[in-house]
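Novice: Give me the fold of what follows.
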Amino acid sequence: MSEIKDLTDKIVKFVNDRDWQQFHNPKDLAISLVLEASEVIEHFQWKSHAEIDKYVKSNKDNIGEELADVLYWVLLISHYLEIDLKFALENKIKKNVKKYPTEKAKGQHTKYNKL
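Specialist: Numbering: from 1, shown residues only. Got it, this is the predicted structure:
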């Protein structure tokens with residue numbers, strides 16, 4: 001069993017055990033994902049690079065919990081929408097390799113259409 005499927009199965013069991021699937025629709029799941037991603041951003045808001053470096057060292061567990069929340073919603077959405085995340089990510093990487101060829105993109109932060 002793949003690690004992604006194993007994690008997804010744990011999340012689905014957690015949801016089903018509580019009968020929460022009745023509240024889950026794509027819109028509300030996407031909103032939950034964005035809300036959790038915002039909680040990741042809060043850890044870095046208004047901090048300088050030096051402050052962030054220090055903060056991360058002492059708050060990795062809290063940041064990790066927020067990232068886990070984001071992953072939770074990504075896996076749950078992909079489950080309900082029957083999207084194979086491994087396949088989707090592999091295809092996205094292939095597209096990005098074409099959009100950002102190494103010889104043009106290396107060391108650049110420019111968007112692909114401006115390279």
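
Novice: and Ile63, what helix or strand is that in?
Specialist: Ile63 is part of helix 49-80 when elements are defined by DSSP states H and E.

Novice: same for that helix, what does it pack against?
Specialist: helix 3-17, helix 26-42, helix 85-99 (3 or more CB pairs under 8 Å, 6 or more residues apart in numbering; DSSP states H and E). Every C-beta, even on glycine, is put in place using the N, C-alpha and C of the backbone.

Novice: wait, which of these is closest to Gly107?
Specialist: Among the helices and strands packed on helix 49-80, helix 85-99 comes nearest to Gly107, with 16.1 Å by CB to CB.

Novice: Let me see the residues that make contact with that closest one.
Specialist: Here helix 85-99 makes contact (CB atoms under 8 Å, 6 or more residues apart in numbering) with Ser2, Ile4, Val74, Leu75, Ser78, Tyr112.

Novice: Kindly provide the distance from the third one to Ile41.
Specialist: The gap separating Val74 from Ile41 is 16 Å, by CB to CB, to the nearest Å.

Novice: can you list the domain ranges for the protein.
Specialist: For the chain, the structural domains run 3-83, 85-115, going by automatic domain parsing.

Novice: Could you export those domains to a markdown table, including columns for mean neighbour count?
Specialist: Converted to a markdown table, the domains of the chain look like this (neighbours: other CB atoms under 10 Å):
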| stretch | mean neighbour count |
| --- | --- |
| domain 3-83 | 13 |
| domain 85-115 | 10 |
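
Novice: lowest-confidence stretch among the ones you listed?
Specialist: Lowest mean pLDDT within these: domain 85-115, a mean of 93.

Novice: roughly how far is that domain from the heart of the chain?
Specialist: The chain centroid and the centroid of domain 85-115 are separated by 18 Å, computed with CA atoms, centre = their mean, to the nearest Å.

Novice: Many thanks, I have nothing further to ask.
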